[in-house]
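In: pasted the sequence and its predicted model underneath.
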Amino acid sequence: MDIFTGSIDERRDAVKALLNMDSGFDIIQRNIEAGGKQIAIFAINGFLNSDLCEKIIEYFYNTGEDGLPDDLQGFIKDCVPFADVKTVDNEQNFKDSILSGLTCFIIEGYNKIIALDIRKMPARSIQEPDKDKVLRGSRDGFIEALIFNTALIRRRIRDTNLIFEIQKAGKSSRTDIAIGYMKGRVKQDVIEKVINKIKNIDVDSLTMNQESLAEALLPSHWFNPFPKFKYTERPDAAAASLLEGSVVVLVDNSASAMIIPTSLFDIIEDANDYYFPPITGTYLRLTRMLTNLLALFITPVFLLFIENPEWIPKGFDFIMIKDDINVNPLAQFLILELAVDGLKMASVNTPSMLSTPLSVVAAIVFGDYTVQSGWFNSEIMLYMAFVAVSNYTQSNMELGYALKFSRIMLLILTNFFGIWGFVGGTAVLAFSLLFNKTFAGRGYLYPLIPFNGIQLLKRFFRVSLTTDEKLRTR
């Protein structure tokens, strides 16, 4: 049986067999007669907008004495006054249309199927993301519906040069992927590379949405933890990246945008830097950079001083551990590193009504009793508390864990090899940053390597809009 040829009953039965409707329940089918023609309507119950569908059918009934037009284009012109409409002429396109939520009409006498986009997408409210919060500025954020996410960006960039190209990936999932870019501002080879990579993805499904896509676009070495892409849940940040010449990739069912290409300095940037005057934004940016740098080196340097107390400058003897050391300092640091992540995971899975009392209990147990029991020294607890808090100064979780893994590596090498272990670990960290592979081939440390003085200055110091425009035209 063929869904495009034969009588209306044969085509209807062919569609039912194709969609396995005898086994499922959520794909619905209705039969009507209008204008002297039999019409079979197919839709997914969770996507169907009943009000719009009813209005469309009213136009079918009000065709007059002449009935429905004999040609398909005349039908589309006269009987479908609104809604996005497309004709379907092969089975794969039909399956993609119906399973993505479009309402399909099989009309007697037409050898093509009409698909109308009158979907009512299940979606949560557009609210500020929990991870990407700002002190001042927009309070909206991406959601899991792709069409809403593109609209949030369109709301900010009213330019015909803003292009969203649609692709699909996954043999089973057939996931919609939108590639957004500003025509004339992005390098053409980057656009072509992104589109070709997505077209050639050979996977069954994008189970984990953007993470699955990232692993398919750029298979990376597991031993380099630094992120290859920048993610944001904020439409304003995505719009700013588009205007700067980046490519934004949106994946259906994902509430974040992937920004290509990116560098370490792009990942460190935060929306708060731009919602305040230049001097305040610069202060916030430098504070965040310094805090992350201290969080990376403070515990390895402290461990180095414990092993070599004679290196401590005069007047800084107070940093040394005063109490007896019952557990090796390295073991204390590693246990606390794991404990911090354990508390993070526990907080995610703790019901909101219990989070406050459990936080108080955790603070008492880990902050006081562990020191009194002799398991941990108060100085080590102090430095690890600083590290735990500093992880929240930047919103990129991948970068936070990359710094954690680097810190653990430095701790282990410093403990076993002393100063040479610390120097060697720092060298490994530098090489990990220098040779980290990026999607577009641009240096991960750009604009430091390759060097671009003006752009590097902008990465450290927030400049005003007029100054930025002048620097960009140079």
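Out: Yes, it's here.

In: could you pull out the strands for the stretch 201-350 of the chain?
Out: 230-232, 247-251, 257-260 (DSSP state E, counting those that start in this stretch).

In: which elements pack onto the second one?
Out: For strand 247-251, the helices and strands in contact under the criterion 3 or more CB pairs under 8 Å, 6 or more residues apart in numbering; DSSP states H and E are helix 146-154, strand 175-182, helix 188-199, helix 210-217, helix 235-243, strand 257-260. Any C-beta I mention is one placed from the backbone N, CA and C, and that applies to glycine too.

In: now, of the ones you listed, which is deepest in the fold?
Out: Stretch with highest mean neighbour count among the helices and strands packed on strand 247-251: strand 257-260 (a mean of 26; mean count of other CB atoms under 10 Å).

In: quick check: closest non-adjacent residue to G421.
Out: Using CB to CB, 6 or more residues apart in numbering and skipping residues adjacent in sequence, the residue nearest G421 is L413, 3.4 Å away.

In: ok, then the element right after the helix or strand containing the one you found?
Out: Under the criterion of DSSP states H and E, L413 resides in helix 397-434. Beyond helix 397-434 on the C-terminal side, the first helix or strand identified by DSSP H and E is helix 453-460.

In: got the buried residues for that following helix?
Out: Across helix 453-460, burial judged by 16 or more other CB atoms under 10 Å covers 456, 458-459.

In: M182 bridge partners, please.
Out: L162 (DSSP bridges).

In: returning to what we had before: so which of the strands of the stretch 201-350 of the chain is nearest E108?
Out: strand 247-251 (38.8 Å; CB to CB).

In: name the residues of the closest one that are buried.
Out: For strand 247-251, by 16+ other CB under 10 Å, it's 247-251.

In: gap between the helix holding L413 and the chain center?
Out: Mean C-alpha position of helix 397-434 versus that of the full chain (CA atoms, centre = their mean, to the nearest Å) differs by 27 Å.

In: pLDDT averaged over it, what's the number?
Out: Helix 397-434 shows an average pLDDT of 94 in the prediction.

In: now it: buried residues?
Out: Under 16+ other CB under 10 Å, the buried positions of helix 397-434 are 398-400, 402-415, 421-422, 425-426, 429, 432-433.

In: stretch 30-46 too?
Out: So stretch 30-46, judged by 16+ other CB under 10 Å, has buried residues 34-35, 37-44.

In: repeat that for stretch 60-76.
Out: 60, 63, 68-69, 75-76.

In: again with stretch 294-306
Out: So, applying 16+ other CB under 10 Å, buried residues of stretch 294-306: 295-306.

In: got those residues as CSV, with pLDDT columns?
Out: Below are the buried residues of stretch 294-306 laid out as CSV (pLDDT from 0 to 100):
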residue, pLDDT
A295, 93
L296, 94
F297, 95
I298, 93
T299, 94
P300, 95
V301, 94
F302, 93
L303, 93
L304, 92
F305, 91
I306, 89
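
In: go through the helices and strands packed on strand 247-251 and name the closest to Y392.
Out: Among the helices and strands packed on strand 247-251, helix 235-243 sits nearest to Y392 (CB to CB), with 17.9 Å.

In: run through the bridge partners of K37.
Out: Bridge pairing for K37 - DSSP bridges - gives A34.

In: list the contacts of it.
Out: Residues in contact with K37 (CB atoms under 8 Å, 6 or more residues apart in numbering) are 67-68, 107-109.

In: helix, strand, or coil at R11?
Out: helix (DSSP: H, G, I helix; E, B strand; the rest coil).

In: that one contacts Q29, correct?
Out: No. Assessed by CB atoms under 8 Å, R11 is found out of contact with Q29, at 11.7 Å.

In: pull the most distant pair out of the buried residues of stretch 30-46.
Out: Largest pairwise distance in these, by CB to CB, is 25.9 Å, between G35 and I44.

In: where does pLDDT dip in the stretch 251-400 of the chain?
Out: Regions of the stretch 251-400 of the chain meeting the criterion pLDDT under 70 cover residues 352-372.

In: let's see that with 80 instead.
Out: Within the stretch 251-400 of the chain, the segments meeting pLDDT under 80 span 323, 343, 346-374.

In: and the helices in it?
Out: 264-268, 278-307, 329-349, 352-364, 370-373, 378-390, 397-434 (DSSP state H, counting those that start in this stretch).

In: tell me which other helices or strands the last one touches.
Out: Using 3+ CB pairs under 8 Å, 6+ apart as the contact test, the elements touching helix 397-434 are helix 264-268, helix 278-307, helix 329-349.

In: export the buried residues of stretch 60-76 to CSV and tack on distance to S212 and secondary structure?
Out: Shown next, in CSV, are these (distance: CB to CB, whole Å; DSSP: H, G, I helix; E, B strand; the rest coil):
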residue, distance to S212, secondary structure
F60, 42, helix
T63, 47, coil
L68, 45, coil
P69, 45, coil
F75, 41, helix
I76, 37, helix
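
In: which among those gets closest to V88?
Out: I76 (12.6 Å).

In: residues in contact with the closest one?
Out: Each residue near I76 by CB under 8 Å, 6+ apart is listed here: 85, 87, 114.

In: that older thread, settle it for me: which of R11 and Q29 has more neighbours?
Out: A count of neighbours by other CB atoms under 10 Å puts R11 above the other of R11 and Q29, at 22 against 15.
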